[in-house]
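Student: Okay, structure incoming, though there's no sequence with it:
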């Protein structure tokens, strides 16, 4: 009985493991993504994050100045 349970449990685990295998990933032979091939990539991945960081630093400085004045 224990052998049947172990076999069944192993079979269920094998099915679950194969169900989690990624199928839509590119092959290892594909070329890397180039961020500088279009303006959209440059804006979304470089300019917007830098703008958010700069605006956050400016906001924190302004908030600190207001706290110092009070």
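Tutor: The structure has been received and is ready for your questions. Because the structure is a prediction, the values reported are computed rather than measured.

Student: Quick check: mean pLDDT of whichever strand or helix holds residue 65?
Tutor: For residue 65, the host element (DSSP states H and E) is helix 48-69. The pLDDT scores in helix 48-69 average 95.

Student: So what touches it?
Tutor: Counting contacts by C-beta atoms under 8 Å, 6 or more residues apart in numbering, no residue outside helix 48-69 touches it. (C-beta placed from N, C-alpha, C; glycine too.)

Student: chain center to that helix, what's the gap?
Tutor: In terms of C-alpha atoms, centre = their mean, to the nearest Å, the centre of helix 48-69 is found 26 Å from the chain centre.

Student: Equivalent analysis for stretch 31-44, please.
Tutor: For stretch 31-44, the distance to the chain centre is 17 Å (C-alpha atoms, centre = their mean).

Student: count of residues packed around residue 42?
Tutor: Residue 42 has 13 neighbouring residues, counting by other C-beta atoms under 10 Å.

Student: Let me see the contact set for it.
Tutor: Residue 42 makes contacts with 35, 36, as judged by C-beta under 8 Å, 6+ apart.

Student: host element of it?
Tutor: In this structure, residue 42 sits in helix 39-42 according to DSSP H and E.

Student: Could I get the average pLDDT for that helix?
Tutor: The model assigns helix 39-42 a mean pLDDT of 89.

Student: Apart from its neighbours in sequence, what residue is nearest the residue nearest the centre of the chain?
Tutor: With the centre of the chain defined as its mean C-alpha position, the nearest residue by C-alpha atoms, centre = their mean is residue 45, 12.8 Å away. Computed as C-beta to C-beta, 6 or more residues apart in numbering, the closest residue to residue 45 that is not its neighbour in sequence is residue 35, at 5.6 Å.
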